[in-house]
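J.: Quick one: sequence plus predicted model below, questions after.
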Amino acid sequence: MSDPALAVIGGTGLYKLAELEDVETLQPQTRFGAPSGPIRVGRLGGRRVAFLARHGEGHSLPPHKINYRANLAALQALGATRVLALNTVGGITERFGPRVLACPDQLIDYTWGRISTICEEEGSEVLHVDFGEPYTRALRQAVLAAARTAGVAVVDGGCYGATQGPRLETRAEIARLRRDGCDLVGMTGMPEAGLARELGLDYACLAIVANWAAGAGPDPDEAITLQDVLDNVAAATAGVPALVRALVAA
């Protein structure tokens, strides 16, 4: 079988890519340890695609406990050169309401205490990668083109603010993120994007807006419920398989 050039990492509410056919389950080990769970490799549109649930298939891993290094290294070892990260996020600014899909082009990291580099171990080569554009431009453009081909609406651009979690943010924190220029807020955007750059992987984010962030949106007093989040994720991701199919076909 050919290696999967494209890998998809699923976030909250996205624990499988049901459209994969002839699925093979792999559980690789890496020099950084074990990934979040089994990697499912199958065919989509006649091409090989790998899928990994970032939080584990039972959502057992909080954002700060994910072994991001092992996840990316395992996908790379299977032959993946491009990674499409699906991230469930909150919307901050007007274009990014619930059920919107977005392909951000910028990122601000507010996380702390996570292993954020492959240079962590003593004796490792020290890398100073260019991270001015945190997402690979060519892959971003390919994702947007695939969305047009598949008839899936995706907002081009936006800034993702990566917070520590697992709790949601306060209104004051969201107000700060807005002042900083963030349009979206999530908990898993970093160190994943930075590690992908260090490993030489093409990497893009497809952000799935599950809810308005605290104090944002037309009703700043509206409470966030888990059921609303899951319903919005399900609705927003209905077109994702067609988008991925168009991406691998291109």
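T.: Received it, and whenever you're ready, just let me know what you need. Keep in mind that what you see is a predicted model, and the values were worked out from it rather than measured.

J.: Does anything pack onto the longest helix seen in the chain? Which helices or strands?
T.: Counting residues, the longest helix found in the chain (DSSP state H) is helix 137-150. The contact analysis (3 or more CB pairs under 8 Å, 6 or more residues apart in numbering; DSSP states H and E) places helix 137-150 against strand 82-91, strand 101-103, strand 202-212, helix 240-249. The C-beta positions use only the backbone N, C-alpha and C, and glycine is treated the same way.

J.: Do I have it right that Gly91 meets Gly97?
T.: Yes. Under the criterion of CB atoms under 8 Å, Gly91 makes contact with Gly97 at 5.3 Å.

J.: Find the residues that touch each one of the two.
T.: Common neighbours of Gly91 and Gly97, counting by CB atoms under 8 Å, 6 or more residues apart in numbering, are Val209, Trp212, Gly217.

J.: Of those residues, which count as buried by neighbour count?
T.: Neighbour counting over these (16 or more other CB atoms under 10 Å) leaves Val209, Trp212, Gly217 as the buried ones.

J.: Would you mind giving the secondary structure of the residue nearest to the last one when sequence neighbours are not counted?
T.: Leaving out its chain neighbours, the residue that sits closest to Gly217 by CB to CB, 6 or more residues apart in numbering is Gly97, at 6.6 Å. With DSSP: H, G, I helix; E, B strand; the rest coil as the basis, the three-state label of Gly97 is coil.

J.: Asp109 - how many residues pack around it?
T.: 18 (other CB atoms under 10 Å).

J.: I'd like to check which residues are in contact with the closest residue to Ala5 other than its chain neighbours.
T.: With sequence-adjacent residues excluded and distances taken as CB to CB, 6+ apart, Ala5 is closest to Thr81, at 5.4 Å. Going by CB under 8 Å, 6+ apart, Thr81 touches Ala5, Leu201, Asp202.

J.: can you give me the helices in this structure?
T.: 68-77, 137-150, 171-180, 192-199, 226-236, 240-249.

J.: Report the distance from the worst-scoring helix or strand of the chain on mean pLDDT to the chain centre.
T.: In the chain, the helix or strand scored least confidently by mean pLDDT, DSSP states H and E is helix 226-236, which has a mean of 89. How far helix 226-236 lies from its chain's middle: 16 Å, per CA atoms, centre = their mean, to the nearest Å.

J.: So which bits of that helix are buried?
T.: Val229, Asn232, Val233, Ala236.

J.: got the contact list for the most centrally placed residue in the chain?
T.: For the chain, the residue whose C-alpha lies nearest the mean C-alpha position (CA atoms, centre = their mean) is Ala85; its distance is 3.0 Å. Counting by CB under 8 Å, 6+ apart, Ala85 touches Ile9, Gly11, Arg54, Thr188, Gly189, Glu192, Ala193, Tyr203, Ala204, Cys205, Leu206.

J.: So among those residues, where is pLDDT lowest?
T.: Lowest in pLDDT among the contacts of Ala85 is Gly11, which has 91.

J.: you'd agree it is up against Ile208?
T.: Yes. Counting by CB under 8 Å, Ile208 is a contact partner of Gly11 at 7.2 Å.

J.: hey, what's in contact with both of these two?
T.: Counting by CB under 8 Å, 6+ apart, the contacts common to Gly11 and Ile208 are Leu86, Asn87, Thr88.

J.: Can you tell me which of these lies closest to Gly123?
T.: Relative to Gly123, the closest of the shared contacts of Gly11 and Ile208 is Asn87; by CB to CB it sits at 32.7 Å.

J.: who's that closest one bridged to?
T.: Judged by DSSP bridges, the bridge partners of Asn87 are Ala207.

J.: Quick one: residues contacting it.
T.: Contacts of Asn87 by CB under 8 Å, 6+ apart are Gly11, Tyr160, Gly186, Thr188, Gly189, Cys205, Leu206, Ala207, Ile208.
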